[in-house]
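Chemist: I would like to see how this sequence folds:
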Amino acid sequence: QKATGGANGRGKMATRAGTSFQRRARSKRAPVPGTRPSLHNGQLLLSTGVPSLDYLIGGGLAVGTLLLVEEDRYESYSRMLLKYFVAEGIVCGHSLLIASAKDHPEEILQ
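Modeler: Now for the predicted structure:
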């Protein structure tokens with residue numbers, strides 16, 4: 001606040017209009033290959049490898065989150081989703097860790 005002298009001799013208090021909200025500066029980090037910002041909040045998203053699933057979950061998986069897919073009775077859908085997701089990661093040059101209590105990783109990649 002700053003005091004100003006008025007024409008009538010009385011001092012007025014002028015206030016600067018301000019806000020505590022600040023615009024986000026663009027990130028200085030290099031973008032992660034294969035990601036894109038969410039249209040809703042700007043968070044980085046990864047594709048699952050299945051465009052229709054990406055659409056259902058809001059554009060893809062948010063970087064740093066986990067998606068748990070329960071296996072179906074015949075394991076066909078969960079295995080297909082895993083293969084598409086792994087393929088998407090390989091195409092984008094991401095490091096991958098594949099672990100399974102039942103299958104050897106080489107079997108999963110076939």
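Chemist: What residues of the longest helix that the chain contains count as buried?
Modeler: Counting by DSSP state H, the longest helix found in the chain is helix 76-91. Within helix 76-91, the residues that qualify as buried by neighbour count (16 or more other Cβ atoms under 10 Å) are 81-82, 84-86, 88-89. Just so you know, the C-beta spots here come from the backbone N, C-alpha and C atoms, and that holds for glycine as well.
Chemist: likewise stretch 57-65?
Modeler: For stretch 57-65, burial by neighbour count (16+ other Cβ under 10 Å) applies to 59-62.
Chemist: what's the longest helix of the chain in contact with?
Modeler: Contact with helix 76-91 is made by 34, 46-50, 53, 69-72, 96, 98, 108-109, as judged by Cβ atoms under 8 Å, 6 or more residues apart in numbering.
Chemist: Now go through those and say which are in helices.
Modeler: Of those, the ones assigned to helices by DSSP H are 53, 108-109.
Chemist: From the buried residues of stretch 57-65, which land in helices?
Modeler: Of the buried residues of stretch 57-65, none are assigned to helices by DSSP H.
Chemist: Return the member of those nearest to Asp103.
Modeler: Set against Asp103, the nearest of these by Cβ to Cβ is Leu61 (22.2 Å).
Chemist: Which residue, other than its chain neighbours, is closest to the closest one?
Modeler: Excluding its sequence neighbours, the residue lying closest to Leu61 (Cβ to Cβ, 6 or more residues apart in numbering) is Leu46, at 4.8 Å.
Chemist: count of neighbours near the one you found?
Modeler: Leu46 has 23 neighbouring residues, counting by other Cβ atoms under 10 Å.
Chemist: how about the longest helix of the chain as PDB, C-alpha atoms only?
Modeler: What follows is helix 76-91, C-alpha atoms only, in PDB (Å, rounded to 0.1, in the frame of the first residue of the first chain):
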ATOM      1  CA  SER A  76      -6.400 -63.000 -23.100                       C
ATOM      2  CA  TYR A  77      -7.300 -59.300 -22.500                       C
ATOM      3  CA  SER A  78      -4.700 -58.700 -19.800                       C
ATOM      4  CA  ARG A  79      -2.000 -60.400 -21.800                       C
ATOM      5  CA  MET A  80      -2.900 -58.300 -24.900                       C
ATOM      6  CA  LEU A  81      -2.900 -55.100 -22.900                       C
ATOM      7  CA  LEU A  82       0.500 -55.900 -21.400                       C
ATOM      8  CA  LYS A  83       2.000 -56.600 -24.900                       C
ATOM      9  CA  TYR A  84       0.600 -53.400 -26.400                       C
ATOM     10  CA  PHE A  85       1.900 -51.400 -23.400                       C
ATOM     11  CA  VAL A  86       5.300 -53.000 -23.600                       C
ATOM     12  CA  ALA A  87       5.400 -52.400 -27.400                       C
ATOM     13  CA  GLU A  88       4.500 -48.700 -26.900                       C
ATOM     14  CA  GLY A  89       7.300 -48.400 -24.400                       C
ATOM     15  CA  ILE A  90       9.800 -50.000 -26.700                       C
ATOM     16  CA  VAL A  91       8.800 -47.800 -29.700                       C
END
